[in-house]
Every structure is written in C-alpha cells, then in structure tokens.
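Q: okay, predicted coordinates and the sequence, questions at the end:
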Amino acid sequence: MNPKIQAITVYAASSSQVHSAYFQAAEKLGKLLAQNRITCINGAGNKGLMASLTDSVLQNGGEVTGIIPQFMVEEGWCHSTLSERIVTPDMHLRKQLMASKSDACIALPGGIGTMEELLEIITWKQLGLYTKPIVILNVQHFYDDLLQMLDKAQKENFMHSKHASIWSVAETPEEALEIIFENSQWEENPRLFAAL
C-alpha cells in the first residue's frame, strides 16, 4: 500500500446488460479499494458496473464519494447509500471534482461516457493539468481497439511517442492497484512535447 494513495476515481459503465466478467472485475476492485482503505470516487450511479463497484466497496467496509449532476439526481439515477454525495450543477464540474479529489484514476469497461471521461483525463495529463496515475483496466481485452487507435495516433504523429507513458494498462484489478502504488506523479513536463 502506498500511503500517498488515499482516493482513486473509477470510471465505469452504467449499463446492467454487460458480461458477468465485467461485474466480477468491478466487485473485486471495490473489495481491494476497501481493504486498502482507499476511498472510491465515482459518478454515484445506481446501475451497472458503477453500482456494483459502490456496493462492493461499502460491503467491505470502505467509503465511496459519489459525484453526480443535479439532473441525474432528479432522474433517480443516484445510488442511495453512498458514504458521501456531492451534487454538481453540471457534468463539467462533476468531472473536474472527480479528478481533483483523486490520487489516481482507473477506467473499467464502459460506453461512450466512460470512454469520454478516460480520454479527457488523458488529455488533461498530456497538458499537465493532471499528473497522477491513469490505469486502463482492460478486462476481457475490452479496450484493445481503443489502445490500437491510440497507438495509431502516435505512429501517424498525431501524438508524441512519449504520450504512451501517460497511461498504463492492467488486465486485473490487482494489477491496476500495483501499477498505481508503484507510480505517483508524472515526472516529465508534458508541455515540452504537448504539441508536435
């Protein structure tokens, strides 16, 4: 355990129709966060992998800070038993708070919202606005195509080759936490090679 890692933001699907392997990964990650006394920060949803993650953290004695925009609360999409609930006026502040309160980010499999959050935090790190570990949890090779696209962007000079060090890839929740514990702040000044 790294004492510097006290809170991890986890991006995850809200769909309940996905393969059981993804739910198992979310539940395992939740248990590991609780066992390591790491607060889970997520989008406060009450469905899908996000809900399973929250339930697992809480069932194992951990804490979850859910950050959710007001319109989602009004739609009834908010988890009911969060340790802490922060309601924001919009999506933009939600994502900003999820990043600023975290010591690292993990992306579980998810749809367009999850991928948008992942790519945004990668962009922020590229610009030096976020310097902490980012781990793509590639359960069942879910993110293979996205990783291939990022590799293509580097090969065709849309991204600097050094940008590949912005994120790490893990296949299991255990590996994801190991990566985070071994890596802290990004040491290089990304703005030196933010633009090609």
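A: Structure's in. What do you need?

Q: just the helices in this protein please.
A: 20-35, 48-59, 70-74, 91-100, 112-126, 144-155, 173-182 (DSSP state H).

Q: quick one, which of the ones you listed is nearest to S165?
A: Judged by CB to CB, the one of the helices of the chain that comes nearest to S165 is helix 112-126, at 9.7 Å. In short, each C-beta sits where N, CA and C put it, glycine included.

Q: how far is the closest one from where the chain is centred?
A: Taking CA atoms, centre = their mean, to the nearest Å, one finds helix 112-126 lying 9 Å from the centre of the chain it belongs to.

Q: helices and strands around that helix, which ones?
A: In terms of contacts (3 or more CB pairs under 8 Å, 6 or more residues apart in numbering; DSSP states H and E), helix 112-126 is packed against strand 7-11, helix 91-100, strand 105-107, strand 134-137.

Q: what is the longest one packed up against?
A: With contacts defined as 3+ CB pairs under 8 Å, 6+ apart, the secondary structure elements packing on helix 91-100 are strand 64-69, strand 84-88, helix 112-126.

Q: and the first one, what other elements does it pack with?
A: It stands for strand 64-69. Using 3+ CB pairs under 8 Å, 6+ apart, strand 64-69 sits against strand 39-42, helix 48-59, strand 84-88, helix 91-100.
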